[in-house]
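S.K.: Task: produce atomic coordinates for the following.
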Amino acid sequence: MQKHGMILAAIVMVFFCTTAYSKDGNLNFTKKYLTSYGTVNFNHQSHASDRVEECAHCHSALETFGGKISQLFAHNYCQTCHKANSGPTDCNGCHEGTQVTRNKQEPSK
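M.R.: Residues are numbered from 1 along each chain as shown. Alright, predicted model coming up:
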């Protein structure tokens with residue numbers, strides 16, 4: 001029974017990955033996430049085709065964190081992947097317009 005649930009979940013993820021994010025099939029888009037530490041620009045294409053082999057790698061993890069991009073998700077899941085794959089791991093690597101020094105946020109000049 002558990003095997004059938006996993007198969008169904010895989011089918012749902014394939015459907016989700018191919019329809020939910022781009023109705024025209026174009027995965028090349030950037031989303032901007034405004035945060036108190038500066039804007040995070042997430043380029044879906046660079047992550048989807050250059051870094052991750054399966055949509056479910058990120059999208060199923062996102063569901064575990066409530067289905068929305070949040071600080072909890074980004075600072076736990078994304079940062080772990082960035083560490084393992086030489087992506088940016090410091091605040092300034094993802095948050096534009098901010099220089100974080102000595103645990104204090106300062107606007108970029």
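
S.K.: pLDDT below threshold where in this structure?
M.R.: Flagging of the chain using pLDDT under 70 yields the residue ranges 1-25, 99-109.

S.K.: switch to 90 and redo it
M.R.: By pLDDT under 90, the weakly predicted segments of the chain are 1-29, 34-38, 43-73, 76, 85-87, 90-92, 96-109.

S.K.: so which strand or helix has K31?
M.R.: Per DSSP states H and E, K31 falls inside strand 30-33.

S.K.: hmm, who's touching that strand?
M.R.: 39-44, 69 (CB atoms under 8 Å, 6 or more residues apart in numbering). Heads up, the C-betas are built off the backbone N, CA and C, glycines and all.

S.K.: which among those residues end up buried?
M.R.: Neighbour counting with 16 or more other CB atoms under 10 Å marks 40, 44, 69 as buried within the contacts of strand 30-33.

S.K.: these two touch, right, the first one and E96?
M.R.: Yes. Counting by CB atoms under 8 Å, E96 is a contact partner of V40 at 7.4 Å.

S.K.: ok so, going back, return the subset of the contacts of strand 30-33 lying in helices.
M.R.: When DSSP state H defines the helices, the subset of the contacts of strand 30-33 inside them is H44.

S.K.: circling back: same question for the strand holding K31: list its buried residues.
M.R.: In strand 30-33, counting by 16+ other CB under 10 Å, buried: nothing.

S.K.: where along this structure do the strands fall?
M.R.: Here the chain has its strands, by DSSP state E, at 30-33, 39-43, 95-96, 98-101, 104-107.

S.K.: can you pull the contacts of the closest residue to G97 other than its chain neighbours?
M.R.: Among residues not flanking G97 along the chain, G38 sits closest, at 4.1 Å (CB to CB, 6 or more residues apart in numbering). Going by CB under 8 Å, 6+ apart, G38 touches 95-98, 108.

S.K.: just N76 next, same as before
M.R.: For N76, the contact set (CB under 8 Å, 6+ apart) comprises F65.
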